[in-house]
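Chemist: Dropping the sequence and predicted coords here.
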Amino acid sequence: MTPYQRWTLRTDRTGYTVRLSADGPWAELDAWGPHGVESGPSALDWSHRTHFLTPADAAPAEYLPYGLRPFTGAELVAARPGEERGVWWEFAGVEEGEGSLRLAFTDDVLGLRTVLCYETVPGTDVILRWTEFTASRELRLERLDSAAVTVPVTGAARLTYLTGQWSQEFQHTQLDLPRGTFTMGSTQGVPGHAYAPWLAVQDGEDGPAYGVALDWPGNWHITAEAEPGGFVRVRAGRVPHEGAVYLTPGETLATPRLACAFSADGLDGLSRVWHGYERHLSGERLHRPRKVLYNSWEATAFDVDAAGQLELAKTAADLGAELFVVDDGWFTGRTDDTGGLGDWYPDPAAFPDGFGRFVDDVRALGLDFGLWIEPEAVSPGSWLHAEHPDWVYRIEDRPARLVRNQLLLDLGRTDVQDFVIATLDRLLTAYDISYLKWDMNRPPTERGRPGAGPADRLDLDAQHVTGYLRVLDHLRTAHPHVTVEGCAGGGARVDHATLARTDVLWPSDNTAPLDRLAVQYGFLHAHAPHVMSSWVTDAPGVFDPRPRSLAFRFVNAMCGVLGIGADLRHWDADQRAEAARWIARYKDVRDVIHLGEVRLLGSPRDSTCGVQYDASDGRTVVAALSTGPLDGAPLVPGRPARLRLRGLDPAATYRDEDAGITYTGAHLLHYGLPFAWSAAHDAELVVLTRQ
């Protein structure tokens, strides 16, 4: 076997070529880009001159351990307990399959076999990468990243990532990294509000885009290092809560998968690659219509009773809603946020004729029924906590800290998982529930499990993730008719592992119009519209308080999965009639919005922005929104704002039946759609049909 052996993995439009290095026992990236990019000299070749570095430190390596790569960042740090850290491995063979590759390396002195795993995702331009470790002796892994990818750049790399905080998630953020290290992550037991486990890298401002996304709903990091030789090397993986993971002899451990994507069409094209991947993850459930929901939280909060909920349900049904979801406050002991969590039984005082009768009454209105639940949470005064105080995360002889007046169950315990599964089975069997909103409103703080053995030998973060995914997998198999919405205080648990097991995700608790526009703009760069739950409410702006019309709120919410959360009892007849019209329009085009190719037109920083959805049947839907000042007409000369479309056939014609106008593709591409914005007209939904 020559040291220059190469392997190429092919996706729909891209190729990923790996080679064995001539400099040492490791694999290097040879090429990554459009088909054919692997021919000719590699863009990742380098001079092989090193001073105060080793060849491994300078190489575009796919994965290297500390020991071989001592200075510039290693993906693996391992040792036998009490001994020096370091892995020095040798290449041990290759396994090739249809769209898969496995490269094995062994360190016989340490007793570790490491396999670099690659797998293409059919019908997409995504390659999954992960690493498997098998120990023949007891080992301590202080770092166990999933993978590393190398991007060649000619100058400063442009990094795009998604930042925020609670109620301001998924803010589209960019920086140029000429040299140095950029890192982000979470130690909150979930991906978190501050950063999404997603990163894009470009060679300059407008170049082709390389992206990574980590498939892990626990602690994580993504790190990008601009290295001396003109490479940007991105490493990503999970972060053990205890600081290390121990392997016993004969044990095999697999890291989370890192999804790697490329588009020659920059960030806009990269977003469509991610959308295609997430449609693949949805499987057959992709074609299940995401129904227009009404959620009662903002109308009633904890003040839940059958009569009040039915009043809201009747109004929602009259508007055209298809699903009614009762949020927090339906269960015993839940008059505010200080009690009730864990005791998941309907409050008989709130539902005097029985909860089953209430659900039947809602369904008699022609609505599906949904329920909010927070399975990982427990209130200190609940029956559950009194019976099982050992089920919560805690540290012996230390105070239990309350966050949102609640504690967190240790879902890494199988008995806790069994309780959650039994609870969900009971509710979903006893009542005709077709929608479940799973929330999680506090991260783990005192994360311990007294009595379970040496604390530094517990892998609590991974065990919680395993338990969480086990429950979601059970829901999928035992209750396949139930649509599951993922939520964690808004968008704190948005990742591909969660997305593969749910149907929609809640990006943010902030539903104010311009605030939400910014959230959704970032979200759609990384995630598909069919998973983006979005509500129309009356919420005022928090970060951008400028008022917007009801039409703006509807058009904005229609960019994903439409819901309503306003207190409909306070809407007048005109508002209800307008809402009914928007809901009817949405139903006509939601298949285009959820399944079409998406193009983000401008950004919330522009005075006019929008989202374009193109269906294979020739329909194009454009959600256009006015975010800036008006043109001053009629007091001064002005002209309509224009929103240039993309991806159309310039020689074709496109008809807007509502306006009675026919455009050429060339006109829409060059000049764009015209919009005469006014204070009363700040949003529009345009449907074009190719003639």
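Modeler: Done, it's in.
Chemist: State the distance from residue 497 to residue 412.
Modeler: Per Cβ to Cβ, to the nearest Å, residue 497 is found 15 Å from residue 412. Where you see a C-beta, it was placed from the backbone N, CA and C, and this is true even at glycine.
Chemist: Over to residue 93?
Modeler: 35 Å.
Chemist: the more surrounded of these two?
Modeler: residue 412 (22 against 11; other Cβ atoms under 10 Å).
Chemist: Next up, the contacts around the more buried one.
Modeler: By Cβ atoms under 8 Å, 6 or more residues apart in numbering, residue 412 lies in contact with 449, 460, 462-464, 466-467.
Chemist: count of residues packed around residue 188?
Modeler: Quick note: residue 188 (other Cβ under 10 Å) scores 18 neighbours.
Chemist: Which strand or helix spans it?
Modeler: Taking DSSP states H and E as the definition, residue 188 sits outside all helices and strands.
Chemist: quick one: it and residue 488, what's the gap?
Modeler: From residue 188 across to residue 488, the span is 9 Å (Cβ to Cβ).
Chemist: buried residues in stretch 615-626?
Modeler: 615, 619-626 (16 or more other Cβ atoms under 10 Å).
Chemist: Pull out the CA atoms of that stretch and give them to me as PDB.
Modeler: Extracted in PDB, the C-alpha atoms of stretch 615-626 (Å, rounded to 0.1, in the frame of the first residue of the first chain):
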ATOM      1  CA  ALA A 615     -41.500  24.400  -6.300                       C
ATOM      2  CA  SER A 616     -40.900  21.800  -9.000                       C
ATOM      3  CA  ASP A 617     -44.400  22.400 -10.400                       C
ATOM      4  CA  GLY A 618     -43.500  25.900 -11.500                       C
ATOM      5  CA  ARG A 619     -44.900  27.900  -8.600                       C
ATOM      6  CA  THR A 620     -42.800  30.500  -6.800                       C
ATOM      7  CA  VAL A 621     -43.800  32.000  -3.500                       C
ATOM      8  CA  VAL A 622     -42.200  35.200  -2.300                       C
ATOM      9  CA  ALA A 623     -42.700  36.400   1.300                       C
ATOM     10  CA  ALA A 624     -41.800  40.100   1.100                       C
ATOM     11  CA  LEU A 625     -41.300  42.300   4.200                       C
ATOM     12  CA  SER A 626     -40.700  46.000   4.700                       C
END
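Chemist: Give me the contact list for it.
Modeler: By Cβ under 8 Å, 6+ apart, stretch 615-626 touches 517, 552, 555-556, 558-559, 589, 591-593, 595-596, 601, 607-614, 641, 643, 645, 648, 654, 673, 675, 677, 681-690.
Chemist: so how far is that stretch off the chain centroid?
Modeler: 24 Å (Cα atoms, centre = their mean, to the nearest Å).
Chemist: average pLDDT for it?
Modeler: Here stretch 615-626 scores 98 as its mean pLDDT.
Chemist: and if you look at stretch 421-441?
Modeler: Averaged over stretch 421-441, pLDDT sits at 98.
Chemist: picking that back up, mark which of the contacts of stretch 615-626 are part of helices, please.
Modeler: Mapping these onto helices (DSSP state H) picks out 517, 552, 555-556, 589, 591-593, 595.
Chemist: For this protein, which segments count as helices?
Modeler: 55-58, 266-282, 297-300, 306-319, 355-364, 383-387, 414-430, 460-478, 496-499, 513-526, 550-557, 573-595, 665-670.
Chemist: what about the fifth one, distance to the chain center?
Modeler: So the one you mean is helix 355-364. The answer for helix 355-364 is 33 Å, by Cα atoms, centre = their mean.
Chemist: residues making contact with it?
Modeler: Under the contact criterion Cβ under 8 Å, 6+ apart, helix 355-364 has outside partners 306, 309-310, 313, 324, 330, 346, 351, 369, 430-433.
Chemist: please redo it, this time with the cut-off set to 7 Å
Modeler: 306, 310, 313, 324, 346, 351, 369, 430-432 (Cβ atoms under 7 Å, 6 or more residues apart in numbering).
Chemist: So, low pLDDT: which residues of the stretch 401-550 of the chain?
Modeler: For the stretch 401-550 of the chain, no stretch has pLDDT under 70.
Chemist: Sketch out the low-pLDDT regions of this protein for me.
Modeler: In the chain (pLDDT under 70), the answer is 1-4, 631-634.
Chemist: Contacts only, for residue 112.
Modeler: 78, 87, 133, 135, 139.
Chemist: just to revisit the earlier point, do you know which of the helices of the chain lies nearest residue 106?
Modeler: Of all the helices of the chain, it is helix 55-58 that lies closest to residue 106, at 16.9 Å by Cβ to Cβ.
Chemist: what residues does that closest one touch?
Modeler: 23-24, 26, 46, 48, 50, 64, 68-69, 71-72, 229.
Chemist: Just give me the closest of the residues you listed to residue 108.
Modeler: Nearest member of the contacts of helix 55-58 to residue 108, counting by Cβ to Cβ, is residue 68, at 14.8 Å.
Chemist: and that closest one, how many residues sit next to it?
Modeler: Per other Cβ under 10 Å, the neighbour tally for residue 68 reads 23.
Chemist: What distance do you get for it to residue 27?
Modeler: 12 Å.
Chemist: cool, and residue 596?
Modeler: 38 Å.
Chemist: the more surrounded of these two?
Modeler: Ranked by neighbour count (other Cβ under 10 Å), residue 596 and residue 27 place residue 27 first, with 25 against 21.
Chemist: Now for the nearest residue to that one once chain neighbours are set aside: which residues touch it?
Modeler: Leaving aside its chain neighbours, residue 27 sits nearest to residue 62 (4.3 Å; criterion: Cβ to Cβ, 6 or more residues apart in numbering). Applying Cβ under 7 Å, 6+ apart, one finds that residue 62 lies in contact with 18, 27-29, 116, 148.
Chemist: cutoff 10 Å now
Modeler: 18-19, 21, 26-30, 75, 103, 116, 118, 129, 131, 147-150 (Cβ atoms under 10 Å, 6 or more residues apart in numbering).
Chemist: With distance to residue 511 added, can I get the contacts of helix 355-364 in CSV?
Modeler: Shown next, in CSV, are these (distance: Cβ to Cβ, whole Å):
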residue, distance to residue 511
306, 26
310, 24
313, 20
324, 18
346, 27
351, 27
369, 22
430, 31
431, 27
432, 28
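Chemist: Show me which of those residues are buried.
Modeler: For those, buried by 16+ other Cβ under 10 Å: 306, 310, 313, 324, 346, 351, 369, 431.
Chemist: quick one, what contacts the last one?
Modeler: It refers to residue 431. Counting by Cβ under 10 Å, 6+ apart, the residues that residue 431 touches are 346, 354-356, 358-360, 369, 371.
Chemist: I'd like to know how far residue 537 sits from residue 646.
Modeler: 31 Å.
Chemist: ok, the closest residue to residue 26 other than its chain neighbours - how many residues close by?
Modeler: In space, and not counting its chain neighbours, residue 26 is closest to residue 61: 5.0 Å by Cβ to Cβ, 6+ apart. A count of neighbours around residue 61, defined by other Cβ under 10 Å, yields 25.
Chemist: Contact partners for residue 61?
Modeler: Counted by Cβ under 10 Å, 6+ apart, residue 61 has contacts 21, 23-24, 26-29, 55, 68-69, 72-75, 148, 150, 233.
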